[in-house]
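K.L.:
quick check, what structure comes out for this input:
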Amino acid sequence: MTATKTFILALQVVEEGKVKQGTKEYARAIISVSDQIFKPDWWSVNDAGSVDNPENSVETYYLGDYSEDKSLMFIYLNRPDLVRSNESRLDVVGAPIPEGAPRKTEVDIVEEVAPKAIELEASPMKIYVAKPNFWTIRGDYYLQFLQNYVSDNWYKGGESNYSMLGSVTMQANYNNKQKVKWENKLEMRLGYQTSKGDTLHKYKTSEDLLRYTGKFGLQATKRWYYTLQLIGQTQFTKGLRSNDKFVYSDFMSPFKLNLSVGMDYSIDWCNHRLKGSTHIAPLALNWKYVGRSSLATRYGLEEGQHGLVDYGSEFTVDFTWQIPYLRMNIRNVQIKQVR
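P.N.:
Coordinates of the predicted model:
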């Protein structure tokens, strides 16, 4: 039960002798004293979320929307010493008598000596608070089948062909909305096409990509993070050319690994439609591995070697711009190597 009384206490410093009022904020005070239940500041102040979408961490992750029932239960569980009477006690002593109601003066001997059943008080409740899930998992995928027809009368030439393209992008990102952020992205694309003019191969690859990008960041300011970035890239199958038996690329030939240390700037513009990050790394390590010995010199390695290490710096921009009925991903990587 909540009371309905509120008192306003006004205080003012009275000048007397050497005592002066001073400035206005220190000379006067108005204090509201009430026995009503009110919503505490820690349940109402926005201390989480973003600037565009502020949140209260207690309301979002723990207690939910405020209500008087929740507030009373919170007080009962955390400060039982403030609870004067509970339901079991009121059953024994009786309900409080309202002001102005007639009071019972005669003593009923039967009621005094008769035994009364006392209910056992319930043991303290254990509240299960589920931890918030800081992981965000999403993915994009598509599969395309295309037919390209070129008429014999087309003067620019060309040939008809069939093609297929499949793409899968998976992301698993961790953000505890405090200091730690860990982003993981796996990109897989593979496409094939036929060619009547190629007498050696029934089909060959048109697109072939297998790339992992991982970032681990510690927040420095609202938008800036100290970041460790790892990028690994290769392909699924052999890279061929028309009417040529030579294999120009293959799985792990080459394999490129980039490890860099720097800072990331988190992009969130245009009402959340333009999102991404900018990575600036003064120190970057590039490792190139070629499994096929015949391709070593083609990818900058000396004959007989399989690996090459370069050092340098890196600047990376990676963002997604969402337009109604259209989604565009832009990725630009520039690396300056110092041998």
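K.L.:
which strand residues bridge the closest residue to residue 206 other than its chain neighbours?
P.N.:
Closest residue to residue 206 apart from its sequence neighbours, by C-beta to C-beta, 6 or more residues apart in numbering: residue 191 at 4.1 Å. Quick note: C-beta positions are derived from backbone N, CA and C, even for glycine. Residue 191 forms beta bridges with residue 165, residue 207, as assigned by DSSP bridges.
K.L.:
wait, residue 191 sits on residue 166?
P.N.:
Yes: using C-beta atoms under 8 Å, residue 191 makes contact with residue 166 at a distance of 7.2 Å.
K.L.:
and the helices in the stretch 151-300 of the chain, which stretches?
P.N.:
With DSSP state H, counting those that start in this stretch, there are no helices along the stretch 151-300 of the chain.
K.L.:
low-confidence ranges, it, go.
P.N.:
When residues are selected by pLDDT under 70, none of them lie in the stretch 151-300 of the chain.
K.L.:
now the strands for it?
P.N.:
Applying DSSP state E, counting those that start in this stretch to the stretch 151-300 of the chain gives strands spanning 161-175, 180-194, 203-219, 224-234, 239-241, 244-249, 255-269, 274-289.
K.L.:
gap between the residue nearest to residue 206 and residue 296?
P.N.:
Distance, residue 191 to residue 296, by C-beta to C-beta, to the nearest Å: 27 Å.
K.L.:
more neighbours: which of those two?
P.N.:
Shown here are residue 191 and residue 296; by other C-beta atoms under 10 Å, residue 296 has more neighbours (20 against 17).
K.L.:
okay, now residue 297: neighbour count?
P.N.:
Residues lying near residue 297 (other C-beta under 10 Å) number 13.
K.L.:
regarding the closest residue to it other than its chain neighbours, what is its secondary structure?
P.N.:
Closest residue to residue 297 apart from its sequence neighbours, by C-beta to C-beta, 6+ apart: residue 303 at 5.6 Å. Under DSSP: H, G, I helix; E, B strand; the rest coil, residue 303 falls in the coil class.
K.L.:
returning to what we had before: among the strands of the stretch 151-300 of the chain, which is nearest residue 323?
P.N.:
Closest of the strands of the stretch 151-300 of the chain to residue 323 is strand 274-289, at 9.7 Å (criterion: C-beta to C-beta).
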